[in-house]
Every structure is written in structure tokens, then in C-alpha cells.
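S.K.: Got a predicted structure plus its sequence, pasted below:
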Amino acid sequence: MEYTIVDVRGMIESGTDPFEHVVAAFDRLKAGEEFVLVTPFDPKPLVSFLSRRGAQTSLMQSTPGDVRYRISSTGERYARKSGDSRKNAEGVLDLRGLEPPEPMVLILEAVDRSGPAQPVRAILSRMPGHLIQMLEQRGIPASIEERDEAYFLTVTKP
């Protein structure tokens, strides 16, 4: 069977988060198609996320600096909960308890849907370091406040 290599080591070395690139590669797969993901470390949260989206994954190789997963599509995509279904009465996304990278994905989707100067607010269990970097790369300001063992994030598109 033929497959494409999705080697993200260069992206990671340059400081670019490959999450969106890898998810887009998976979303382009048709039933029975696959690719091999190559990373410098074991991307367990990403592999878990893809599995929850309907991917079949298998570790092919794991050596220092060269980890390879076969990612294949059955053609079925499992629905994720919309971020809107996680909004509390104040319209704040309560993402506590979700495993990475799900909170990041839901926040990015909410930001994409929001209009200029329309804030997206979220409560998280963990400091969203990768998300903050991605937003900075896009020129989207964010503020975060830690209180009561949670992180309160506000993101507003210019």
C-alpha cells in the first residue's frame, strides 16, 4: 500500500506547531488511505486526538529523534462536541477536564467563528502555552489569569 510521509520534524525545529498541519492531512484522507507521521518525539496527545476523530493509529518506529506512526482513515469521522455545547450561562467555554489538544482546538474554532472585537472566553485546567504561541503567530491578542486552580483565557480578534 502506498502512503505519504508527513515529516514535521523541520516544523518543530523551526518553532512551528504542526498540529493544524497534521489534522489537515488526516482530514484529507479518504477511506483506506494513510500517511506516516514522523516526529522527533512521541506525540501521544496528537495521536490520541486523531484516534478520537476516527483515525486508526499504530506506532511503527520509536528511536531518539525519529518516531513514526501510521495514521489511516476508515472514512468515518467521529463527531467532537462543539465548543458551544460547553458554554456556561455566561457564555464562557468551560474546557476543564478535557485532554490536550482538545481545548486548543475548541478555542481556535471559536476564535475562527468570532467576529472582530468579539471576545472568546474559556476556563482551562492547564496553562495553554501552545495555544498562546499559535495565537501570537496569528497576531491575535490573548490574556490569561490564574485563579482558583484554573486558567481564565480571553481571546479577542483585532
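M.R.: Alright, I've got the coordinates. Residues are numbered from 1 along each chain as shown.

S.K.: did I read that right, Val6 in a strand?
M.R.: Yes. Counting by DSSP: H, G, I helix; E, B strand; the rest coil, Val6 is located in a strand.

S.K.: Select the longest helix from this protein.
M.R.: The residue-count maximum for a helix in the chain (DSSP state H) belongs to helix 102-113.

S.K.: Remind me what that helix packs against, helices and strands.
M.R.: For helix 102-113, the helices and strands in contact under the criterion 3 or more Cβ pairs under 8 Å, 6 or more residues apart in numbering; DSSP states H and E are helix 19-28, helix 44-52, strand 93-94, strand 120-124, helix 129-137, strand 150-155. From N, CA and C alone the C-beta is placed, and that goes for glycine too.

S.K.: Could you look over these and pick the most buried one?
M.R.: Comparing these by mean neighbour count (mean count of other Cβ atoms under 10 Å), strand 120-124 comes out on top with a mean of 22.

S.K.: what pLDDT, on average, does that strand get?
M.R.: Across strand 120-124, the average pLDDT comes to 95.

S.K.: what lines up beside it in the sheet?
M.R.: strand 93-94 (parallel), strand 150-155 (antiparallel) (DSSP bridges).

S.K.: what does the shortest one contact?
M.R.: The reference is to strand 93-94. Here strand 93-94 makes contact (Cβ atoms under 8 Å, 6 or more residues apart in numbering) with Gly83, Arg86, Lys87, Asn88, Leu106, Ile107, Ala110, Val120, Arg121, Ala122, Ile123.

S.K.: ok, 7 Å please
M.R.: Residues outside strand 93-94 that contact it (Cβ atoms under 7 Å, 6 or more residues apart in numbering) are Gly83, Arg86, Lys87, Asn88, Leu106, Ile107, Ala110, Arg121, Ala122, Ile123.

S.K.: Next: the last one.
M.R.: Residues lying outside strand 150-155 but in contact with it, judged by Cβ under 7 Å, 6+ apart, are 96, 107, 111, 119-128, 135, 140, 142-145.

S.K.: switch to 10 Å and redo it
M.R.: For strand 150-155, contacts defined as Cβ atoms under 10 Å, 6 or more residues apart in numbering pick out 92-96, 103, 107-108, 110-111, 114, 118-128, 131-132, 135, 140-146.
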